[in-house]
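In: fold the following, please.
(chains A and B)
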Amino acid sequence: MKRQRAAPIVSRAKGLAAEIRWLLSISLSAILLFPESSAPADVSQGAQIAATCASCHDPTGGGQAIPPIASLDEQAIVKAMLAFRASESPSHVMHAVALSLSDDELAATARYLADRASAGRQP
Amino acid sequence: MTDWTRRQIGGLAGGALLAVAAPHIVRGRGRAKVVVIGGGIGGATVARYLGDMKSIDVTLLEPNSTHVTCFFSNLYLAGLRSLASLSFGLETLAEDHGITIIRDSAVAIDSGGKAVELRGGTKLPYDRLVVAPGIAFKFGEIEGYDEAAAKIMPHAWIAGPQSELLRRQLESMEDGGVFVIAAPPNPFRCPPAPYERASLVAYYFKQFKPKSKILIVDAKDQFSGQELFQDAWSRHYPGMIEWLPSHFTGAIKAVDVAARSVVTEGETFRAAVTNFIPAQKAGLIGEKAGLTDASGWCPVDPVTFESTLQPGIHVVGDSIIGGDMPKSAFSANSQAKACAFAIAASLTGSPQFPPHLFNSCYTFLAPDDAFTNALTFAPEGGRIKTVKMFISKVGESAEVRRRTAHHAMGWYSAFTADVFGGGS
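Out: Purely as a prediction, here's the structure:
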């Protein structure tokens, strides 16, 4: 459901659909390769880009000064990132990060972060 | 899980997919082994992210039980933070991220036989090796400055005992003394740090030794964040800090430890305390392993961070060269993540995407006045190129600078948790 909401926001539904197909194929590989309990960490594109977020944002949602992102939903992340992309203020750090992500990458990252939050998992 | 055999793989449908997806496993050699040399920011980050994948055996080699971060160590010099608050053990990496920590040093790398030899004589086999040795100093380039001289004129450029020595010297200096900072030539670890150091020591002097002076004798004619620093020096510490560019002094030629003086082409500066920051090169194992080129640094592929000189060995952090990324902790952390995902792709067949490389640094001008920059990078033509760069501006409000200083504290806590585990 969340994926369907996010796609119009970034106007790349086609790219997302391809990505979902691709992610599913990767998931299948993962099931085949790692059938036992020690499943590997998520290495999707969203997870790889989200690793960058953890350089500043405490992934548990703690931290005092840098705003937490661990509990945001997918739409909130995309909306915030589009605002950061549009303006250097209030954070040129986030402006730089937002500019570096394509719409597809942004959608994948937001989806990963939101899914992780809703699953209550840690990275 | 640990003993994937040919029989198990053969029993599954889709062998072609598996061959593509997990070349190492299909070869029937069990879990892939990655050895990481160096438990600083780059090495610890690679180890942590590879460990979290749970499909690779990761061994981290680090002789020291504690890592003291260079970033924020200028706050320690100014009496604003304890060294303990900047110190991190590697226990969490072992306990929560499944990494084997060996407290030893690598003395040799057998790249053909894919093994690392430890000081204790043990040989550790690897499928991929990551070398993250940080920096070493070019002792001997300046007459009179060697390792013994560093005990009198500390560099304090690797945080720890050297930082403590410099702090003690600053504390025992009499009011009215001259503190000389010899700033190194490019490239060196953390480009704004000599000038941040001048700023924060000036903050300390302003409170406790207000008649003292700081001279920065520079090997360069310009420096990172220059406009922001010079603006701050005139606002916070008028008349206390003097910056002497290379064209003005002819740069440093020698030091005289006994006389506590720094000798340039045209002048001799006698100092109560000297912080001599030498020219730098890649950490010593880099040179020993044939990973360095004529520059003294390690050239790497900008996507995988694999050495361009030694296949199968990756290098991250301050010891690399070949692009625009500054030698900073943030850069090392960013490179390490790209490197970890590239190694995983190579060993387990996980997907690989173009790396997103970033650098962002917080720099203190005073405890409540900090600036920041943000840079993005991308591989281009075999090198790492800057794509976008943003930096704080002269004339920002005090409130903006206070907020940046506050963000810096939050960043430090999240960043060190990301690197060393804990809090995540």
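In: now for the residue lying closest to B:Ser73 once chain neighbours are set aside, how many residues are close by?
Out: Spatial nearest neighbour of B:Ser73, excluding adjacent residues (CB to CB, 6 or more residues apart in numbering or on different chains): B:Ala159 at 4.1 Å. In this view, the C-beta of every residue, glycine as well, is placed from N, C-alpha and C. When neighbours are defined as other CB atoms under 10 Å in any protein chain shown, B:Ala159 has 21 of them.
In: residue 75 sits in which helix or strand?
Out: You didn't say which chain, so I picked chain A. Taking DSSP states H and E as the criterion, A:Gln75 maps to helix A:74-86.
In: oops, wrong one, chain B.
Out: Using DSSP H and E, B:Leu75 sits within helix B:73-77.
In: B:Ala108 too?
Out: Taking DSSP H and E as the definition, B:Ala108 sits inside strand B:106-110.
In: for the residue lying closest to B:Phe390 once chain neighbours are set aside, which residues are in contact?
Out: Spatial nearest neighbour of B:Phe390, chain neighbours left out: A:His92 (3.6 Å); criterion: CB to CB, 6+ apart. Going by CB atoms under 8 Å, 6 or more residues apart in numbering or on different chains, A:His92 touches B:372-374, B:390-392.
In: show me where the stretch 51-200 of chain B has its strands.
Out: Assigned by DSSP state E, counting those that start in this stretch, the stretch 51-200 of chain B shows strands spanning B:56-61, B:66-68, B:87-89, B:100-102, B:106-110, B:115-118, B:123-125, B:128-131, B:135-137, B:178-183.
In: how about chain A?
Out: In chain A, no strands are defined using DSSP state E.
In: residue of it closest to chain B, please.
Out: Nearest residue of chain A to chain B (CB to the nearest CB) works out as A:Ala65 at 2.8 Å.
In: quick one: contacts of the strand or helix carrying B:Leu228?
Out: Assigned by DSSP H and E, B:Leu228 belongs to helix B:226-236. Contacts with helix B:226-236, where a contact means CB under 8 Å, 6+ apart, come from B:192, B:195-196, B:198-199, B:202-203, B:206, B:223, B:240-241, B:243, B:363, B:365-366, B:369, B:371, B:391-395.
In: repeat that with 6 Å
Out: With contacts defined as CB atoms under 6 Å, 6 or more residues apart in numbering or on different chains, helix B:226-236 is touched by B:195, B:241, B:365-366, B:371, B:394.
In: CA atoms only: put it into CSV for me.
Out: Taking C-alpha atoms only, helix B:226-236 is exported to CSV below (Å, rounded to 0.1, in the frame of the first residue of the first chain):
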residue,chain,number,x,y,z
GLN,B,226,39.7,30.5,5.4
GLU,B,227,37.1,33.3,5.2
LEU,B,228,35.0,31.8,7.9
PHE,B,229,37.9,31.3,10.2
GLN,B,230,39.4,34.8,9.7
ASP,B,231,36.0,36.4,10.3
ALA,B,232,35.6,34.4,13.5
TRP,B,233,39.1,35.3,14.7
SER,B,234,38.4,39.0,14.4
ARG,B,235,35.1,38.6,16.2
HIS,B,236,36.1,36.3,19.0
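In: buried sites along it?
Out: B:228-229, B:231-233, B:236 (16 or more other CB atoms under 10 Å in any protein chain shown).
In: ok, which pair from these is furthest apart?
Out: By the measure CB to CB, B:Leu228 and B:His236 form the most distant pair in those, at 12.0 Å.
In: so of the contacts of A:His92, which ones are in helices?
Out: The members of the contacts of A:His92 all map outside helices under DSSP state H.
In: counting only strands, which of those make the cut?
Out: Of those, the ones assigned to strands by DSSP E are B:372-374, B:390-391.
In: can you tell me the closest non-neighbouring residue to the residue of chain B found nearest chain A?
Out: Per CB to the nearest CB, B:Gly410 is where chain B lies closest to chain A, at 2.8 Å. In space, and not counting its chain neighbours, B:Gly410 is closest to A:Ala65: 2.8 Å by CB to CB, 6+ apart.
In: how does chain B divide into domains?
Out: Residue ranges for the domains of chain B, per automatic domain parsing: B:31-136+B:281-351, B:145-278.
In: start to end distance for the shortest one?
Out: What it means is domain B:145-278. From its first residue to its last, domain B:145-278 covers 8 Å (CA to CA, to the nearest Å).
In: cool, and stretch B:284-301?
Out: In stretch B:284-301, first residue to last residue: 20 Å (CA to CA).
In: and it, average pLDDT?
Out: Stretch B:284-301 shows an average pLDDT of 97 in the prediction.
In: buried set for it?
Out: For stretch B:284-301, using 16+ other CB under 10 Å, the buried residues are B:285-287, B:289, B:291-292, B:296-301.
In: swap in stretch B:63-70?
Out: For stretch B:63-70, the neighbour count (16+ other CB under 10 Å) marks B:67-70 as buried.
In: packing partners of whichever helix or strand B:Ile216 is part of?
Out: If you go by DSSP H and E, B:Ile216 is part of strand B:213-218. Here strand B:213-218 touches strand B:178-183, helix B:193-208, strand B:241-244, going by 3 or more CB pairs under 6 Å, 6 or more residues apart in numbering or on different chains; DSSP states H and E.
In: for the strands of the stretch 51-200 of chain B, give me TSV that also has mean pLDDT.
Out: Below are those laid out as TSV (pLDDT from 0 to 100):
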stretch	mean pLDDT
strand B:56-61	98
strand B:66-68	97
strand B:87-89	97
strand B:100-102	97
strand B:106-110	96
strand B:115-118	97
strand B:123-125	97
strand B:128-131	98
strand B:135-137	98
strand B:178-183	98
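In: so of those strands, which one's packed in deepest?
Out: strand B:128-131 (a mean of 28; mean count of other CB atoms under 10 Å in any protein chain shown).
In: using CSV, write out every CA atom in that one.
Out: Coordinates of each C-alpha in strand B:128-131 appear next as CSV, following Å, rounded to 0.1, in the frame of the first residue of the first chain:
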residue,chain,number,x,y,z
ARG,B,128,39.1,-10.0,0.5
LEU,B,129,41.3,-7.7,2.5
VAL,B,130,40.5,-4.2,3.6
VAL,B,131,43.4,-1.9,4.6
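In: so what secondary structure elements neighbour it?
Out: Here strand B:128-131 touches strand B:32-37, strand B:313-315, going by 3+ CB pairs under 6 Å, 6+ apart.
In: skipping adjacent residues, who's closest to B:Ala370 in space?
Out: Closest residue in space to B:Ala370, ignoring its immediate chain neighbours: B:Ala405 at 3.9 Å, by CB to CB, 6+ apart.
In: what residues sit buried inside the strand or helix carrying the one you found?
Out: Assigned by DSSP H and E, B:Ala405 belongs to helix B:398-420. For helix B:398-420, a neighbour-count test (16+ other CB under 10 Å) marks B:400-401, B:403-405, B:407-420 as buried.
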